[in-house]
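Enquirer: Structure, please.
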Amino acid sequence: MIEEAGIVILGAGQAGGEVASELRKLGYAGLITLVGDEPHVPYRRPPLSKAYFAGTVSAEELYVVPPASLDKAQIRFIGGVSATHIDREQKCVNLADGRQLGYQKLVIATGGRARPLTLDGGDRSNVFLLRTINDIEQIRARATPGARMVIIGGGFIGLETAAVAVKLGLDVTVLEGLPRVLARVTVPEVSAFFERVHREAGVDLRTGAQVAALEGDPLVTHVHLTDGSRIEADLVVAGIGLIANTELAETAGLVVDNGVLVDEYAQTSDPDIVAAGDCTNHPSEYLGRRVRLESVPNAMEQGKVAANTLLGNRVPYRSVPWFWSDQYDLKLQMVGMSAGFDQFVVRGNLEDPATRAFSVFYFKNGRLLSVDAVNRPQEFMLSKKLVAEGARLDLAALADESIPFKLIAATAHA
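Expert: Predicted structure coming up:
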């Protein structure tokens with residue numbers, strides 16, 4: 001028996017929660033059903049590797065749409081069950097528990113899953129991925145002071161986890177396969193800064209480190225590198241990227257290519273289905289091409305666009321991507337994407353341990369392409385508009401900290 005469920009949202013993450021909340025804000029009074037494969041209502045994932053791992057916030061404090069808010073908004077939440085099939089002809093969704101939900105409109109906000117290790121030993125019980133509240137709870141159970149944690153991956157997740165773990169008294173080793181950390185998102189100078197910060201904090205950070213095998217049974221006891229070295233481990237954490245959850249969309253016959261393909265209105269190839277968040281591939285006016293983004297701001301903004309589309313409002317997605325990472329007392333904020341830059345300017349001193357604050361401005365053909373700001377929130381906020389405009393700045397003035405950034409921004413031109 002097919003149960004009528006109104007607008008059905010598959011995925012109870014940041015994007016799915018945003019669609020549901022925005023529908024109510026826009027005045028939609030019909031049925032909304034939010035389906036998530038985790039038992040938790042929509043919650044913020046960025047604090048998982050930071051405040052939640054550190055134990056300074058509770059799971060409930062991560063919730064972006066608490067149960068009481070869902071009840072008040074009359075949003076039905078079905079948690080702890082995954083969708084298994086979308087029948088576009090019948091306009092219904094099959095759930096793993098046997099239920100069938102009929103939909104008027106459907107939202108695919110299935111996000112992504114942590115990329116697993118494919119090494120021998122990767123399935124041992126002391127090897128962890130980091131994507132969910134449950135992942136962190138399992139890690140915390142073994143993250144006792146003095147425990148030897150080996151983190152595979154020197155991206156944001158790996159470095160954020162290392163920063164917390166070393167503060168908790170763990171013996172931390174980070175293994176990055178590339179020649180430097182954050183190699184895909186920033187310049188060598190910024191990579192070197194973060195490498196130095198982590199090593200000064202006591203992290204054994206190794207770049208160009210290729211993992212050959214995880215040794216030990218029933219638990220991993222050593223991580224074996226291709227150079228022959230072996231690192232003792234009580235627990236291993238992998239932070240090696242994300243796989244978009246597009247299988248449901250693909251088997252339903254929607255167009256998928258490195259994500260569920262949507263237009264600037266979050267519309268899929270089916271007029272009754274929209275999609276939002278990490279699982280989507282959307283056209284970016286800023287980049288001049290399609291892109292799949294893994295970020296909270298993208299999930300939230302695209303979620304709002306999707307909600308408007310469901311109600312017949314034509315609100316295009318035009319946001320410039322931005323990201324952030326908290327490590328120790330450092331807040332790295334990035335707006336735009338620096339790939340393809342042909343010039344960059346550093347504002348501030350990367351070598352000064354006293355300030356630990358600087359910004360890097362990336363240009364292409366004289367226009368501002370992106371900005372990395374460390375502990376400079378005002379420069380970051382002003383830069384968001386400048387990057388969106390592709391502004392031209394006075395490079396000499398930019399490098400001179402005696403000239404206020406506000407003045408440089410005010411004299412920028414298109």
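Enquirer: list the buried ones in stretch 277-290?
Expert: Neighbour-count burial for stretch 277-290, counted by 16 or more other CB atoms under 10 Å, picks out 277-282, 284, 286-287. Every residue, glycine included, has its C-beta placed from N, CA and C.
Enquirer: Tell me where the stretch 301-414 of the chain has strands.
Expert: 322-327, 330-336, 343-348, 358-364, 367-374 (DSSP state E, counting those that start in this stretch).
Enquirer: Show me what the longest one is in contact with.
Expert: Meaning strand 367-374. 186, 190, 193, 330-338, 340-341, 356-363, 379-380, 383, 386-387, 389-393, 412 (CB atoms under 8 Å, 6 or more residues apart in numbering).
Enquirer: Longest helix in the chain, please.
Expert: With secondary structure taken from DSSP state H, the chain has its longest helix at helix 296-310.
Enquirer: Now do it and strand 330-336, the angle between them.
Expert: 40 degrees (axes from the mean of the first three to the mean of the last three CA atoms, to 10 degrees).
Enquirer: Show me what helix 296-310 is packed up against.
Expert: For helix 296-310, the elements it packs on are helix 14-25, strand 105-108, strand 273-275, judged by 3 or more CB pairs under 8 Å, 6 or more residues apart in numbering; DSSP states H and E.
Enquirer: Helix or strand with the lowest mean pLDDT in the chain?
Expert: Ranking every helix and strand in the chain by mean pLDDT, DSSP states H and E puts strand 2-4 at the bottom, with a mean of 92.
Enquirer: Would you map the helices across the protein?
Expert: 14-25, 51-54, 59-62, 67-72, 133-142, 156-167, 188-200, 247-251, 296-310, 377-389, 395-399, 405-410.
Enquirer: would TSV of those helices with distance to Gly216 be doable?
Expert: Putting the helices of the chain into TSV (distance: least, CB to CB, whole Å) gives the following:
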stretch	distance to Gly216
helix 14-25	36
helix 51-54	24
helix 59-62	31
helix 67-72	41
helix 133-142	14
helix 156-167	20
helix 188-200	26
helix 247-251	32
helix 296-310	36
helix 377-389	44
helix 395-399	51
helix 405-410	52
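Enquirer: will you turn those into JSON lines that also has distance to Ile240 and mean pLDDT?
Expert: Listed next are the helices of the chain as JSON lines, based on distance: least, CB to CB, whole Å; pLDDT from 0 to 100:
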{"stretch": "helix 14-25", "distance to Ile240": "21", "mean pLDDT": "98"}
{"stretch": "helix 51-54", "distance to Ile240": "18", "mean pLDDT": "96"}
{"stretch": "helix 59-62", "distance to Ile240": "23", "mean pLDDT": "96"}
{"stretch": "helix 67-72", "distance to Ile240": "33", "mean pLDDT": "96"}
{"stretch": "helix 133-142", "distance to Ile240": "14", "mean pLDDT": "97"}
{"stretch": "helix 156-167", "distance to Ile240": "8", "mean pLDDT": "97"}
{"stretch": "helix 188-200", "distance to Ile240": "17", "mean pLDDT": "96"}
{"stretch": "helix 247-251", "distance to Ile240": "20", "mean pLDDT": "98"}
{"stretch": "helix 296-310", "distance to Ile240": "20", "mean pLDDT": "97"}
{"stretch": "helix 377-389", "distance to Ile240": "28", "mean pLDDT": "96"}
{"stretch": "helix 395-399", "distance to Ile240": "35", "mean pLDDT": "95"}
{"stretch": "helix 405-410", "distance to Ile240": "36", "mean pLDDT": "94"}
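Enquirer: Indicate which one of those helices is closest to Val260.
Expert: helix 247-251 (4.5 Å; CB to CB).
Enquirer: which stretch among the helices of the chain comes nearest Gly79?
Expert: It's helix 67-72; of these, that one is closest to Gly79 (CB to CB) at 9.8 Å.
Enquirer: before we move on, the earlier item: out of the buried residues of stretch 277-290, who's nearest Glu200?
Expert: Using CB to CB, the buried residues of stretch 277-290 come closest to Glu200 at Asp278, 33.2 Å.
Enquirer: got a list of what that closest one touches?
Expert: 13, 15, 111-112, 242, 244, 292-295, 298-299.
Enquirer: now Leu178
Expert: Leu178 makes contacts with 154, 184, 207-208, as judged by CB under 8 Å, 6+ apart.
Enquirer: how close does it get to Gly153?
Expert: 10 Å (CB to CB, to the nearest Å).
Enquirer: what sits opposite Asn281 in the beta ladder?
Expert: Under DSSP bridges, the beta-bridge partners of Asn281 are Leu261.
Enquirer: Let me see the contact set for it.
Expert: 257-262, 290-292.
Enquirer: Can you add distance to Arg88 and pLDDT and give those residues back as JSON lines?
Expert: Shown next, in JSON lines, are these (distance: CB to CB, whole Å; pLDDT from 0 to 100):
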{"residue": "Asp257", "distance to Arg88": "19", "pLDDT": "97"}
{"residue": "Asn258", "distance to Arg88": "22", "pLDDT": "96"}
{"residue": "Gly259", "distance to Arg88": "19", "pLDDT": "98"}
{"residue": "Val260", "distance to Arg88": "13", "pLDDT": "98"}
{"residue": "Leu261", "distance to Arg88": "15", "pLDDT": "98"}
{"residue": "Val262", "distance to Arg88": "16", "pLDDT": "98"}
{"residue": "Arg290", "distance to Arg88": "23", "pLDDT": "96"}
{"residue": "Val291", "distance to Arg88": "26", "pLDDT": "96"}
{"residue": "Arg292", "distance to Arg88": "22", "pLDDT": "97"}
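Enquirer: And those residues, which two are furthest apart?
Expert: Maximum distance among the contacts of Asn281 (CB to CB): 13.1 Å, for Val260 and Val291.
Enquirer: More neighbours: which of these two?
Expert: Per other CB atoms under 10 Å, whichever of Val260 and Val291 has more neighbours is Val260, with 31 against 17.
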